[in-house]
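J.: Next come a sequence and a model predicted from it.
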Amino acid sequence: MEHDTPQAIPRFPSALARTLRYLPLMPVSVALTRLTQSMAKRHEAMFRRLGAHADATFLLNPTDLPVTLCLEPRSGRPKVTLYRTPPIADARIAGPLAALIGLVHGAYDGDALFFSRDLVIEGDTAAALALRNAVDDAELDMAAEIEAFSGPFARPLHKLIDIAERRTGVALTRHEEDLLW
């Protein structure tokens, strides 16, 4: 069910977040770019929906992680780059990782997160709104996208994602029956 008032947004464990400081960012950036490009092929309309903002840059800043993702839609040829020190971008969307993922899956209401200050939007708010609308319309399921991208590892990944979702309370999949229309 969509949460109107986010009360207990799960936080990424701080001990695990500290270990991410040593994560090599280049290989993760390449993997995320390939995953995002696969998503672009499966959801072409999502990037067209960005309209005038199809070439904007978006910083997705999980506030409980020591990295920031920079999404460059590049008119449907997306690129994702991880940074320790975020670059300048057209729009910045910041909040706990669980909230950012939950927004993708419709588990959280973006307006409620914004007004409760669990979500911060800076820069070109029109671009951020265009991204939100594009993602909402695509009805993405990140777990399904990762599974589709992972080939023979899809089935074991599905099981791991299911376990992680149950144990963490983070909406790692889209549950249509829980969404408010």
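T.: Sure thing, it's come through.

J.: list the contacts for the spatially most central residue of the chain?
T.: Nearest to the geometric centre of the chain sits Ile101, at 4.7 Å (C-alpha atoms, centre = their mean). For Ile101, the contacting residues are Met142, Val170, Ala171, Leu172, by C-beta atoms under 8 Å, 6 or more residues apart in numbering. Quick note: C-beta positions are derived from backbone N, CA and C, even for glycine.

J.: Counting only helices, which of the residues you listed make the cut?
T.: Among the contacts of Ile101, the ones falling in helices (DSSP state H) are Met142.

J.: which pair in the contacts of Ile101 spans the largest distance?
T.: The most widely separated members of the contacts of Ile101, counting by C-beta to C-beta, are Met142 and Val170 (10.5 Å).

J.: thinking again about what came up before, go through the contacts of Ile101 and say which is closest to Leu25.
T.: Checking these one by one against Leu25 (C-beta to C-beta), the nearest turns out to be Met142, at 19.9 Å.

J.: okay, Met142 and Val170: which has more neighbours?
T.: Val170 (21 against 17; other C-beta atoms under 10 Å).

J.: Check whether that one really touches Ala164, as I assumed.
T.: Yes. If you go by C-beta atoms under 8 Å, Val170 and Ala164 touch, sitting 7.4 Å apart.

J.: all strands in this structure, in order from the N-terminus.
T.: 58-62, 68-72, 79-83, 91-95, 120-123 (DSSP state E).

J.: Is it possible to get JSON lines of those that adds mean neighbour count?
T.: JSON lines is the format used below for those (neighbours: other C-beta atoms under 10 Å):
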{"stretch": "strand 58-62", "mean neighbour count": "21"}
{"stretch": "strand 68-72", "mean neighbour count": "20"}
{"stretch": "strand 79-83", "mean neighbour count": "18"}
{"stretch": "strand 91-95", "mean neighbour count": "22"}
{"stretch": "strand 120-123", "mean neighbour count": "15"}
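
J.: Pro152: which of those strands is closest?
T.: Closest among those, using C-beta to C-beta: strand 79-83, at 23.6 Å.

J.: Give me the helices and strands touching that closest one, please.
T.: helix 25-42, strand 68-72 (3 or more C-beta pairs under 8 Å, 6 or more residues apart in numbering; DSSP states H and E).
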